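whatever this is, show me its structure:
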Amino acid sequence: MIDGDTELTMLLPVVAVALTDPQGRVLMARRPAHSAHGGLWEFPGGKIEPGESPEAALVREAREELAITLDPA
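Predicted structure coming up:
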């Protein structure tokens, strides 16, 4: 709260990617039980770093989380 009645809201840009195969299966990851929102399923992705494009963030997150290289095109 600011000044007792104004809420400060920060937007945090994130990216996520839905990877599918020819059979229509979708790759999702399950969050570790001990983490925030533990046990829930999510698409690979994460926060966009300052100065980073969304496409570059997806390539980086895929490399970090899945050890794969995506073509940003």
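
only C-alpha atoms from now on, for both contacts and neighbour counts.
Noted.

would you map the strands across this structure?
For the chain, the strands defined by DSSP state E occupy 14-16, 19-20, 26-27, 29-30, 41-42, 45-47.

out of these, which one sits most buried?
With neighbours defined as mean count of other C-alpha atoms under 10 Å, the strands of the chain peak in mean count at strand 45-47, which reaches a mean of 18.

tell me which other helices or strands it touches.
Using 3 or more C-alpha pairs under 8 Å, 6 or more residues apart in numbering; DSSP states H and E as the contact test, the elements touching strand 45-47 are strand 14-16, helix 54-66.

how far does it sit from its chain's centre?
Centroid displacement of strand 45-47 relative to its chain, using C-alpha atoms, centre = their mean, to the nearest Å, is 3 Å.

could the strands of the chain go into CSV alongside distance to P54 and mean pLDDT?
Formatted as CSV, those follow (distance: least, C-alpha to C-alpha, whole Å; pLDDT from 0 to 100):
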stretch, distance to P54, mean pLDDT
strand 14-16, 6, 96
strand 19-20, 16, 94
strand 26-27, 20, 94
strand 29-30, 20, 90
strand 41-42, 18, 94
strand 45-47, 9, 94
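
could I get those strands as TSV with distance to A57?
Shown next, in TSV, are the strands of the chain (distance: least, C-alpha to C-alpha, whole Å):
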stretch	distance to A57
strand 14-16	7
strand 19-20	15
strand 26-27	18
strand 29-30	18
strand 41-42	17
strand 45-47	7
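
out of these, the one nearest T69 is which?
strand 19-20 (12.4 Å; C-alpha to C-alpha).

hmm, who's touching the closest one?
26-27 (C-alpha atoms under 8 Å, 6 or more residues apart in numbering).

over to stretch 46-58?
With C-alpha under 8 Å, 6+ apart, stretch 46-58 has contacts from 12-17, 45, 61, 72.

who are the contact partners of G38?
Contacts for G38 were tallied using C-alpha under 8 Å, 6+ apart; they are 30-32.

out of the helices and strands in the protein, which is least certain?
strand 29-30 (a mean of 90; mean pLDDT, DSSP states H and E).

roughly how far out does that strand sit from the chain middle?
12 Å.
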